[in-house]
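Peer 1: Following is a predicted model, sequence given first.
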Amino acid sequence: MDPTPLRRALLDWYDAHARALPWRAPPGSGAVVDPYRVWLSEVMLQQTTTVHAAPYFAAFTRRWPTVSDLAAAEDADVMSAWAGLGYYARARNLLACARAVAADHGGVFPDTEDGLRALPGLGPYTAAAVAAIAFGRPANVVDGNVERVMARLFAVETPLPAARPELRRLADGLVTGDRPGDWAQALMDLGATVCRPRTPECGRCPVSGGCAGLASGAPERFPVKAAKAAKPARTGLAWVALDPAGRVGLVRRPDRGLLGGMLGLPTAGWGGGEDGPPGLGPWREAGTVTHVFTHFSLTLDVLVGPGAGDLVWTDSEAARAAMPTVFRKALERGVASAPTAP
């Protein structure tokens with residue numbers, strides 16, 4: 001397949017329809033893009049949307065405008081600012097990478113894909129994205145959007161995840177040295193706005209004429225996906241301990257493991273840490289909350305009552321802002337059932 005007509009059509013479309021995002025330069029401008037902003041945005045965009053990530057990106061870059069500023073930040077401050085983006089291991093990797101750039105590279109990101117891959121916590125996709133977008137390297141940038149575009153363009157019948165090597169190979173065949181950053185972002189935008197998962201808008205697609213998935217009559221069938229196994233279900237307890245001032249008793253979770261390093265409610269019984277009940281009580285049932293993690297679903301029975309002891313006593317609004325979603329749900333359930341809401 002000659003990639004030239006497809007590339008020309010997609011880049012022309014991108015020049016006219018690129019999303020305006022705070023970490024981007026305008027298409028075709030040739031403007032230098034700060035690799036810190038590209039890297040930070042790509043880490044945040046893993047497992048979330050641009051709409052959800054944008055305010056976090058703005059807050060991070062206001063508070064820590066350079067990678068060296070982020071490297072000097074306290075772990076707890078970064079983990080708190082990350083709350084709501086999920087997958088907290090990414091926040092720990094973010095700090096490890098920032099500190100390596102500051103300590104080992106003088107605060108300057110390496111400008112090659114191999115150099116970027118050598119940084120801690122920076123995987124092949126993010127390294128390729130930074131290399132292409134920030135440094136103009138012809139790197140093969142393949143995220144979920146690009147996988148979907150490739151699967152449809154070439155009508156790949158192999159189910160995911162087994163199809164990934166083939167999809168990467170197909171995407172690599174379209175990469176050239178011409179505008180590599182714009183090309184990577186054009187593919188991402190096409191997948192995000194036109195070649196959508198359930199309702200592709202093929203009538204708006206600049207490359208529909210060469211799409212084998214569209215020619216099949218059922219482009220939405222691609223990418224083919226293997227049947228999902230049911231997620232295991234876990235259960236546990238969460239305590240909402242309130243002091244006379246209405247503050248909430250929190251614990252700092254261990255650095256390693258699920259939700260590591262985050263503030264949370266005392267819990268037990270679900271494999272996420274065994275804090276046990278805080279002191280004092282008595283504890284009243286406040287109902288249940290559910291939350292779905294990547295590999296399992298969790299139901300927590302929430303208990304609320306007067307607490308005491310060596311906890312991190314925090315105003316309820318500050319606690320909501322600092323905690324991961326699963327604990328925020330439990331806190332809101334407990335506070336709503338308390339005799340006097342703080």
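Peer 2: All right, it came through fine.
Peer 1: same for the helix or strand of the chain with the lowest mean pLDDT, what does it pack against?
Peer 2: Across the helices and strands of the chain, mean pLDDT, DSSP states H and E gives its lowest value to strand 279-280, namely a mean of 80. Applying 3 or more C-beta pairs under 8 Å, 6 or more residues apart in numbering; DSSP states H and E, we find strand 279-280 packed against strand 297-308. From N, CA and C alone the C-beta is placed, and that goes for glycine too.
Peer 1: Buried residues, the strand it packs on. List them.
Peer 2: Using 16 or more other C-beta atoms under 10 Å as the test for burial, strand 297-308 gives 298, 300, 301, 302, 303, 304, 305, 306, 307.
Peer 1: ditto for stretch 178-194
Peer 2: Using 16+ other C-beta under 10 Å as the test for burial, stretch 178-194 gives 179-192, 194.
Peer 1: ok, which stretches of this structure are strands?
Peer 2: Secondary structure of the chain, counting by DSSP state E: strands at 233-242, 248-252, 263-264, 267-268, 279-280, 284-292, 297-308, 312-314.
Peer 1: Out of those strands, which is the most enclosed?
Peer 2: strand 263-264 (a mean of 24; mean count of other C-beta atoms under 10 Å).
Peer 1: Within its sheet, name the partner strands of that one and how each one runs.
Peer 2: Partner strands and pairing direction for strand 263-264 (DSSP bridges) are strand 248-252 (antiparallel).
Peer 1: Show me the contact partners of the partner strand.
Peer 2: 76, 239-243, 261-266, 273, 275, 278, 307, 309, 311-316, 319, 322-323, 331, 335, 342 (C-beta atoms under 8 Å, 6 or more residues apart in numbering).
Peer 1: residues in contact with the one residue sitting closest to the centre of the chain?
Peer 2: Centroid-nearest residue in the chain, with C-alpha atoms, centre = their mean: residue 46, separated by 3.1 Å. Contact partners of residue 46, counting by C-beta under 8 Å, 6+ apart, are 87, 90, 126.
Peer 1: Name the nearest residue to the second one, ignoring sequence neighbours.
Peer 2: Right, residue 90. residue 43 (5.7 Å; C-beta to C-beta, 6 or more residues apart in numbering).
Peer 1: Could you measure from the one you found over to residue 59?
Peer 2: Taking C-beta to C-beta, to the nearest Å as the measure, residue 43 falls 14 Å from residue 59.
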